[in-house]
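S.K.: Fold the following.
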Amino acid sequence: MIAVIHSDCIPPCDARAARGVIAVTLAMASAASLVVAGNAFAQTYPTKPIRFIVPTATGGGSDLIARALGQKYFQAWGQQVVVDNRPGAGMTIGIDLTAKAPPDGHTLIIVNPSHAINATLMSKLPYDPVRDFEAITVIATQAYAVVVPQSLPVKNIKELIALAKAKPLSYASSGPGSASHLATEMFTGMAGIQMTHVPYKGTGAVIPDLISGRVQLMINPLLAVIGAVETGRLRVIAVTSAKRVSSLPEVPTVAESGVPGYEATSWYMLLVPGRTPAAIVAKLNAETVKSLKANDMVGMLARAGTDPLGNTPREAMEFLKVEIARWGKVIKQAGIKIE
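M.R.: Got it, this is the predicted structure:
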């Protein structure tokens with residue numbers, strides 16, 4: 001870009017004006033060159049294997065979706081997608097790795113409500129949950145399922161509440177301060193019961209203990225437990241949404257089962273490191289939204305009562321901000337804090 005400077009001002013103001021115009025023009029030229037470079041890079045992206053970080057253990061809902069999307073990306077772009085499970089510390093280990101990764105689109109992460117919860121729950125996060133990321137899309141939303149082992153003699157919420165009042169019971173979560181933890185704490189509080197919290201490092205680690213009856217309850221996204229439910233090893237006694245789930249029409253909501261007003265929903269979101277070029281963000285968004293419309297993806301998500309969303313990056317980031325505020329209010333009211 002060539003700058004042409006015109007000035008009717010006499011010295012010395014013409015020099016100052018000229019320097020100002022040059023500075024503005026150079027800034028505009030630099031910004032334009034970055035846009036051009038970003039667009040050119042996006043045309044060839046991805047240029048190497050993609051690292052898809054899952055901040056939870058294998059076998060959970062986030063893991064299943066990441067592997068399914070990874071296959072779609074491979075089919076579209078021909079680059080290997082490596083799913084990297086980094087559970088622990090309320091998902092912050094994997095999230096921090098993503099925040100510090102090069103902003104070139106070759107590191108992705110799938111997060112759930114715990115990402116929004118941590119913004120208030122943890123006082124010293126090593127990253128900013130909004131500023132250090134670019135949102136690609138909200139992949140899907142879904143209800144939680146209230147699941148118990150087949151050996152537990154309860155078929156509905158009222159029987160569960162009665163049993164919990166009669167004998168000690170424990171519930172599992174995917175970690176302290178996780179969405180499953182808070183959803184269960186909200187349930188026990190509204191139901192007027194007490195249960196012992198047993199935290200795990202992800203849903204995949206919970207399922208064997210839940211099946212065996214070592215723990216008696218988990219409130220978790222249905223996608224992560226649907227396999228054990230369909231094979232008869234676990235029983236869903238309620239869902240946490242305001243309305244029944246279409247894939248399980250016979251299963252009532254918690255609210256209609258004796259705990260009026262109770263509602264909790266989950267979601268999955270795709271993020272990349274902050275300052276990733278807008279053109280790459282747009283390319284990832286377009287391919288992800290397209291993948292969510294594929295018959296096999298729709299079928300997998302619908303089977304677990306999960307509704308594909310696939311909104312824009314701007315809408316996804318606004319969604320995240322709203323979720324941070326919503327969960328922050330719940331946490332502050334409950335007085336929960338993790339250092």
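
S.K.: Mean confidence (pLDDT) on the longest strand anywhere in the chain, please.
M.R.: Longest strand in the chain, counting residues (DSSP state E): strand 133-149. The predicted model gives strand 133-149 an average pLDDT of 95.

S.K.: For the very next helix or strand once past it, name the packing helices and strands.
M.R.: Sequence order places helix 157-166 as the next helix or strand after strand 133-149, per DSSP states H and E. Counting contacts by 3 or more CB pairs under 8 Å, 6 or more residues apart in numbering; DSSP states H and E, helix 157-166 is packed against strand 133-149, helix 179-191, strand 234-239. C-beta coordinates here come from the backbone N, C-alpha and C atoms, glycine included.

S.K.: if we can go back for a sec, report the angle between the axes of the longest strand of the chain and strand 234-239?
M.R.: Interaxial angle, strand 133-149 versus strand 234-239 (axes from the mean of the first three to the mean of the last three CA atoms, to 10 degrees): 110 degrees.

S.K.: Check the gap between P113 and M300 for me.
M.R.: In this view, P113 and M300 are 20 Å apart by CB to CB, to the nearest Å.

S.K.: Likewise for K290?
M.R.: From K290 over to M300 (counting by CB to CB), the distance is 16 Å.

S.K.: and the helix or strand that contains G204, what's its mean pLDDT?
M.R.: According to DSSP H and E, G204 maps onto helix 203-212. Averaging pLDDT along helix 203-212 gives 92.

S.K.: For it, enumerate the helices and strands it packs against.
M.R.: Right, helix 203-212 is packed against strand 133-149, strand 170-173, strand 217-221, helix 222-230, strand 234-239 by 3+ CB pairs under 8 Å, 6+ apart.

S.K.: Dump the helices and strands packed on helix 157-166 into a markdown table; add mean neighbour count and distance to K283 as well.
M.R.: Shown next, in a markdown table, are the helices and strands packed on helix 157-166 (neighbours: other CB atoms under 10 Å; distance: least, CB to CB, whole Å):
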| stretch | mean neighbour count | distance to K283 |
| --- | --- | --- |
| strand 133-149 | 25 | 10 |
| helix 179-191 | 21 | 30 |
| strand 234-239 | 23 | 36 |
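
S.K.: Quick one: closest of those to T98.
M.R.: Among those, strand 133-149 comes nearest to T98, with 7.3 Å by CB to CB.

S.K.: Each with direction, which strands does that closest one pair with?
M.R.: If you go by DSSP bridges, strand 133-149 pairs up with strand 217-221 (antiparallel), strand 234-239 (antiparallel), strand 265-273 (antiparallel), strand 306-308 (antiparallel).

S.K.: Helix or strand next in line after the third one, which one?
M.R.: Just to be clear, that refers to strand 265-273. Heading C-terminal from strand 265-273 (DSSP H and E), you reach helix 278-292.

S.K.: Could you give me the buried positions within that next one?
M.R.: A279, I280, V281, A282, K283, L284, N285, E287, T288, V289, S291, L292 (16 or more other CB atoms under 10 Å).

S.K.: Just name the closest of these to M218, please.
M.R.: Nearest to M218, judged by CB to CB, of the buried residues of helix 278-292 is L292 at 26.5 Å.

S.K.: And the pLDDT for E185?
M.R.: Looking at E185, its pLDDT is 89.

S.K.: Tell me who's in contact with it.
M.R.: Contact partners of E185, counting by CB atoms under 8 Å, 6 or more residues apart in numbering, are H197, A334, I336.

S.K.: send the alpha carbons of the helix holding G204 over as PDB?
M.R.: C-alpha atoms of helix 203-212 as PDB (Å, rounded to 0.1, in the frame of the first residue of the first chain):
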ATOM      1  CA  THR A 203     -17.500 -39.700  33.900                       C
ATOM      2  CA  GLY A 204     -15.600 -42.700  32.400                       C
ATOM      3  CA  ALA A 205     -14.100 -43.500  35.800                       C
ATOM      4  CA  VAL A 206     -17.500 -43.200  37.500                       C
ATOM      5  CA  ILE A 207     -19.500 -45.700  35.400                       C
ATOM      6  CA  PRO A 208     -17.900 -49.000  36.700                       C
ATOM      7  CA  ASP A 209     -18.400 -47.900  40.300                       C
ATOM      8  CA  LEU A 210     -21.900 -46.800  39.600                       C
ATOM      9  CA  ILE A 211     -22.800 -50.100  37.900                       C
ATOM     10  CA  SER A 212     -21.300 -52.100  40.800                       C
END
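
S.K.: what comes into contact with it?
M.R.: 56-61, 63, 147-150, 172-174, 180, 198, 200, 215, 217-218, 220-221, 224-225, 228, 233-234.

S.K.: Just the buried ones out of those residues, please.
M.R.: When the contacts of helix 203-212 are checked for burial by 16+ other CB under 10 Å, the buried set is 56-61, 63, 147-149, 172-174, 180, 198, 200, 215, 217-218, 220-221, 224-225, 228, 233-234.

S.K.: circling back: P113 and M300: which is more packed in?
M.R.: Regarding P113 and M300, a neighbour count based on other CB atoms under 10 Å identifies P113 as having more, with 23 against 17.

S.K.: Backbone dihedrals for the more buried one, please?
M.R.: Main-chain torsions, P113, degrees, to the nearest 10: phi -60, psi -20.

S.K.: Tell me who's in contact with it.
M.R.: A179, S266, W267, E323, W327.

S.K.: for whichever strand or helix holds the last one, packing partners?
M.R.: Think W327. Following DSSP H and E, the helix or strand that holds W327 is helix 313-334. On a contact count with 3+ CB pairs under 8 Å, 6+ apart, helix 313-334 meets helix 113-121, strand 133-149, helix 179-191, strand 265-273, helix 278-292.
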